Every structure is written in structure tokens, then in C-alpha cells.
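J.: generate coordinates for the sequence data below:
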Amino acid sequence: MKKDTLAEAAALLRHKAEELLKRKLENVDVELSESQMIRLIHELEVHHIELEMQYEELILAKEEAAAAVAKYAALYDFAPTGYYTLSIEGNILELNLCGSKMLGKDRSHLINSTFGFFVSPATHPGYNNFLDRVFKSQVKTTCEVVLLGVGDVPMYVHLTGIMAEDGEQCLLTAVDFTEHRRVEEKLVESEEKYRTIFENVQDVFYRTDLSGNVLEISPSIKHFSDFDKDEILGMNVSSLYENPDDRLIFLDTIAQRGFLNDYELKLKTRTGKTRYASINARLIFDAGGQPNHIDGAIRDITERKLAEIALKKKSDDLEYFNHLMVDRELKMIELKKEINELLKKAGKEEKYIIHT
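T.: Below you'll find the predicted structure:
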């Protein structure tokens, strides 16, 4: 407040005080002595100064209150959360700028509009139930709705409402979690894709504890071992090894290196048939750095392995017969040499030409 305005107010206050003193003196029957009069004037002046100080403090408090109101009004308007005041019928009485942006219209056009008009049909029943609970329960209530205020793009919003003190209005906050919802949907989509791959790929993905008990396994185990997924869960993988010692070697190797790549071994099916497998496995540690479980993938290489075995057998057979043929040729040469020597001794002409 300006100084001249404050001076005018002080002068007015002084004039009222003097008038009050004059009326009091007129009611006094006893004449006051000069000293009493001076004392009374002094007390009046002190009281006058006290009143001026109180008046200045009052003006300062009023200015601070006005500044606080302006500050919180700005916070209300520019907050990233939508704020609404709704009537018991659900009409918008007040809202901030964020609230108007959520509904896709200017604030002036939204006053007295029905908030429920902007709620999607699918979530409208839940919103109605939410509003009913707000005015009946008198406690903070929440729900999630989809708003259709901005174009055709749905906005996922978390509403929190509580009834005002007058019982005729409710205070509503709206938090936009659309981006979070989209991330969740993408995550669900990724999980579904992963599960589809997990359930349809021919390789067998598995998880065991350190003792070898199966914790998780893909349905493709059926094609590999004739065991159903539910049958093998909880089973110890040691029972699938054709040679039990291979399991000990597997554990010792992965404990030292932490992983195994293209590790080949022989497993057996439910009926005892041999399956050749190539395994990639990794030792997984917990948050404390301690070994917790083993994740791995089994690839069926039986067909390739049997082809390799057959090829080796054919190669061995060819080598054997080739060796026999070489021996036969050498023996034929030696025999021809002997015949030629005998013919020569008998005075006859050699019969065979030998190439060496």
C-alpha cells in the first residue's frame, strides 16, 4: 500500500480516537488535573502508534495472502494434472488448463458441461459407479477411464475423487497414463510374441535349479523326448542322460566357465531311444552374486549325428576295401614278377610287362 494512503488511514484512525476520547471526557464529572490530562494524552498517543503498527501488519498480511492466492492459482492452472470440481450431477463447475486440454476444448466452453460425455462408452459404467461412490462413501475413491476429448485418440486417465465439505460438489483429479498404458500393451504384445515363439520353436528352452530339477520348459520337449511339458516339470534332468557321467561333466564344466556353447551329449526319450543333443546353457546368478539356476536351450541334432555316423562308417568301409585293392595289386605284381623269372630261367620270353 502507498505511504500517502497509509497516512490518510492513520489520520482517520487518529480522528476517530480523538472523538472517542472527547466523548469519554464529556461523561467524566470530575475535572482532570493537568498531570492527569498529560498522562491520558500520552497513553492515547501510545495506543495510536500501536494501532498504526497493527494496521501496517494487517496490510502486509493481506498482501502476502493475495500473493499466495496468485501463486497457488498459477500452480492450479499450470499443473500437469487435470483438476475438476463437479456437481452432484457430474457437471463441470471449475477446471484448470490441463483439465481443459484433456477434454480438448477451451475452459470457457467446458463450464457446466457434463464430464461423463467425454468418457468412452466402454468405461462409462465404471465412471458412473465411481461418481456415485464419491458422493455416498465420503472417502477418496479412484477409477480408470478412457477419455475421448482429443480427436479419435483415446486417453487413459486415472481419476481420484473426494466429496467437498458442502456435500454438493466433488473434487476430481485426472492423471494421464496413456504412455504408460501403451508401454504395457507393447510389453504384453512382446510377451505374446515371445510365448508364441517359445511354444512353437523346435528347440527346447528350459530352466533348472542347481540340483537339476526342471522349473520351466517349452512344449517342444514333447517332440524331442515324448514327454509332455507337465510330465517333465519337476523331473530331474539326470534321468534323461544316457550316460550319467555326462551330467557330472556338464555341471563341472558350467561351474568353471559359467556357460556352455554347442555342448553335445546323448539323451534318451521316454521309450529309451537315443537322442543326440547340442546344448547352450548359462549359469544365472542372484542379486547377491550367488549361482541360482541354469537357463539353457536343447537342439535336436540326431538326424545330423546319425548322418555323420553313417558317413564315417561308409568312409571306413571304403578305406578298408581300398586297402584290400592295393594289397591285391601288389600281390599281382609280385606274382607276375615271379612268373617272368621262372620263364626267364626256362629260357623263354617274359610274359608280363610290369610298370613300376
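J.: which parts of the stretch 201-350 of the chain are strands?
T.: 204-209, 214-217, 259-268, 274-285, 291-300 (DSSP state E, counting those that start in this stretch).
J.: show me what the second one is packed up against.
T.: For strand 214-217, the contact count by 3 or more C-beta pairs under 8 Å, 6 or more residues apart in numbering; DSSP states H and E identifies strand 204-209, helix 229-232 as packing neighbours. Where C-beta positions appear, they are placed from N, C-alpha and C, glycine not excepted.
J.: adjacent strands (with direction) for that strand?
T.: Applying DSSP bridges, strand 214-217 is found paired with strand 204-209 (antiparallel).
J.: closest to residue 42 out of the strands of the stretch 201-350 of the chain?
T.: strand 274-285 (87.2 Å; C-beta to C-beta).
J.: report the angle between that closest one and strand 204-209.
T.: Using axes from the mean of the first three to the mean of the last three C-alpha atoms, to 10 degrees, the direction of strand 274-285 lies 50 degrees away from that of strand 204-209.
J.: strand 274-285 versus strand 291-300: what angle between them?
T.: 150 degrees.
J.: pLDDT of strand 274-285, averaged?
T.: Average pLDDT, strand 274-285: 92.
J.: for residue 248, find the nearest of the helices and strands packed on strand 214-217.
T.: Of the helices and strands packed on strand 214-217, nearest to residue 248 by C-beta to C-beta is strand 204-209, at 14.9 Å.
J.: restrict the closest one to CA atoms and write it as CSV.
T.: Coordinates of the C-alpha atoms in strand 204-209 are reproduced here as CSV (Å, rounded to 0.1, in the frame of the first residue of the first chain):
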residue,chain,number,x,y,z
VAL,A,204,13.7,-76.9,-26.2
PHE,A,205,14.1,-74.0,-23.8
TYR,A,206,14.4,-74.9,-20.2
ARG,A,207,15.3,-73.7,-16.7
THR,A,208,16.5,-76.0,-13.9
ASP,A,209,17.7,-75.4,-10.3
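J.: now do it, average pLDDT.
T.: In this model, strand 204-209 has a mean pLDDT of 91.
J.: which residues does that strand contact?
T.: Applying C-beta atoms under 8 Å, 6 or more residues apart in numbering, the external contacts of strand 204-209 come out as 198, 214-218, 220-221, 224, 237, 293-300.
J.: what of stretch 134-147?
T.: By C-beta under 8 Å, 6+ apart, stretch 134-147 touches 88, 102-103, 118-120, 122-124, 126-127, 129-130, 133, 154-163, 167, 170, 174.
J.: secondary structure element holding the residue nearest to the spatial centre of the chain?
T.: Nearest to the geometric centre of the chain sits residue 184, at 7.1 Å (C-alpha atoms, centre = their mean). Residue 184 belongs to helix 178-200 when assigned by DSSP states H and E.
J.: also residue 158?
T.: Element membership of residue 158, judged by DSSP H and E, is strand 155-163.
J.: give the buried residues for that strand.
T.: Of all the residues in strand 155-163, those buried under the rule 16 or more other C-beta atoms under 10 Å are 155, 156, 157, 159, 160, 161, 163.
J.: show me the contacts for the fifth one.
T.: Residues in contact with residue 160 (C-beta under 8 Å, 6+ apart) are 140, 141, 142, 172, 173, 175.
J.: same deal with the first one?
T.: The contact partners of residue 155, taken as C-beta under 8 Å, 6+ apart, are 102, 146, 147, 148, 149, 176, 178.
J.: where does the protein have its least confident helix or strand?
T.: helix 3-26 (a mean of 62; mean pLDDT, DSSP states H and E).
J.: which ones are touching residue 110?
T.: Contacts of residue 110 (C-beta under 8 Å, 6+ apart): 92, 95, 99, 100, 103.
J.: so which of those residues sit within strands?
T.: Among these, the members falling in strands (DSSP state E) are 92, 95.
J.: format the contacts of residue 110 as CSV; extra columns: distance to residue 47 and pLDDT.
T.: Converted to CSV, these look like this (distance: C-beta to C-beta, whole Å; pLDDT from 0 to 100):
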residue, distance to residue 47, pLDDT
92, 52, 92
95, 50, 89
99, 52, 86
100, 53, 87
103, 58, 88
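J.: ok now stretch 295-306, how far from the chain's centre?
T.: Relative to its parent chain, stretch 295-306 has a centroid offset of 35 Å by C-alpha atoms, centre = their mean, to the nearest Å.
J.: with stretch 301-315 instead?
T.: On the basis of C-alpha atoms, centre = their mean, stretch 301-315 sits 48 Å off its chain's mean C-alpha point.
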